[in-house]
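In: have a look; sequence and predicted model below, questions after that.
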Amino acid sequence: MNIYILSIIIMFFVYVIIWKSVKRGRLGVRDSILWILLSLGMGLLVWQYKWLDWIADKFHVGYAPSLLFLLAIILCLMFILDLTMRLNKLQKEHVILVQKIALMESEWKEKE
């Protein structure tokens, strides 16, 4: 199987998964836009493989489709970093909420 065809198949499946996840409410709008752009960007580079070959030549990559997968991996790592930062923010907010609840409970017990 040609690697370009495999790339198109993967891009199509990513798009279908994103669409179904948004439809079921499992994926937020912000994240879905990011994933759709990732999928469309990958599809554009596969469709216009001459652009991919040109970029690969500029970076001295011998096999252009490997550059496509490298770009996809880098973008996924950036997305994981974004998710980690959001998770860290939520953890901090969680600690603050637990502390506020503890203070409210102690005030409530003092009033009784």
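Out: The structure has been received and is ready for your questions.

In: helix or strand with the lowest mean pLDDT in this structure?
Out: Least confident element among the helices and strands of the chain, by mean pLDDT, DSSP states H and E: helix 29-47 (a mean of 79).

In: now the helices: where do they sit in this structure?
Out: With helices called from DSSP state H, the chain shows them at 3-24, 29-47, 49-58, 64-111.

In: identify the residue nearest the spatially most central residue of the chain in space, chain neighbours excluded?
Out: In the chain, the centroid-proximal residue (CA atoms, centre = their mean) is F79; its distance is 4.0 Å. Closest residue to F79 apart from its sequence neighbours, by CB to CB, 6 or more residues apart in numbering: L34 at 6.5 Å. Any C-beta I mention is one placed from the backbone N, CA and C, and that applies to glycine too.

In: burial count for the one you found?
Out: 17 (other CB atoms under 10 Å).

In: which residue is most remote from the mean position of this structure?
Out: Computed with CA atoms, centre = their mean, the most peripheral residue in the chain is E112, at 50.1 Å.
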